[in-house]
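*Asks:* make a model of this:
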Amino acid sequence: MTITTTTTSAVPSPRAPERAARPLPAPTSRAALALLRQAADGLAEAHRTDDPMARYPAAYLAALRAGAAVLAVRARPQPRRGATRNVWQLLSDVAPELGEWAAFFASCSDTRVAAEAGISRLVGRRDADDLLRQAEQFVGIVRTAVPLR
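*Replies:* Predicted coordinates:
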């Protein structure tokens, strides 16, 4: 029985490390970064006010801007067909992992409109505080999902 050995040059040399050729993700759009800054400003505004009628809409709009930032990064323009869709509906399609958040904030839309209209019986201090906490959590999730470059 004869054993033969062969040498191969498939082993990379120590001077030339092998690198995976992965394309870098595109930089985050200026629009998305601006929306994330506006979301942070909205949260700060909500924290500055004790009035639930101002806190609730400020927290909601901060979340809305964070959702719009995700759309600015992930959405692809499509021809308009049918009824108009809002940020929360689009967010569910574009980022299904945020679908529960989108449904939650969509359910808060009418209350936000009521607060802006001055209908105080629909918005209490606890409601505004709860929404602010939820908006903070959502904005934080979006910040980790949207690459900041």
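*Asks:* next, the buried residues of the longest helix seen in the chain.
*Replies:* Determined from DSSP state H, the single longest helix within the chain is helix 52-74. Buried residues in helix 52-74, defined by neighbour count with 16 or more other Cβ atoms under 10 Å: 52-73. Just so you know, the C-beta spots here come from the backbone N, C-alpha and C atoms, and that holds for glycine as well.
*Asks:* any regions of the chain where pLDDT drops low?
*Replies:* Within the chain, the segments meeting pLDDT under 70 span 1-28, 77-80, 82-84, 148-149.
*Asks:* show me where it has helices.
*Replies:* Going by DSSP H, the chain shows helices at 30-48, 52-74, 87-94, 99-107, 109-116, 125-145.
*Asks:* need the contact partners of the last one.
*Replies:* Contacts of helix 125-145 from elsewhere in the structure, counted by Cβ atoms under 8 Å, 6 or more residues apart in numbering, are 36, 39-40, 42-43, 46-47, 52-53, 55-56, 58-60, 62-63, 66-67, 69-70, 95, 98, 101, 104-105, 108, 111, 115.
*Asks:* hang on, the earlier thing: next one: the longest helix of the chain to chain centre, how far?
*Replies:* 9 Å (Cα atoms, centre = their mean, to the nearest Å).
*Asks:* between the helices of the chain, which one is nearest to residue 81?
*Replies:* Residue 81 sits nearest to helix 87-94 of all these, at 13.2 Å, using Cβ to Cβ.
*Asks:* by contact count, what packs against that closest one?
*Replies:* In terms of contacts (3 or more Cβ pairs under 8 Å, 6 or more residues apart in numbering; DSSP states H and E), helix 87-94 is packed against helix 52-74, helix 99-107.
*Asks:* reformat those as TSV; add distance to residue 90.
*Replies:* Output for the helices and strands packed on helix 87-94, formatted as TSV (distance: least, Cβ to Cβ, whole Å):
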stretch	distance to residue 90
helix 52-74	6
helix 99-107	8
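*Asks:* re earlier: relative to helix 99-107, how tilted is the longest helix of the chain?
*Replies:* Angle of helix 52-74 versus helix 99-107, following axes from the mean of the first three to the mean of the last three Cα atoms, to 10 degrees, is 140 degrees.
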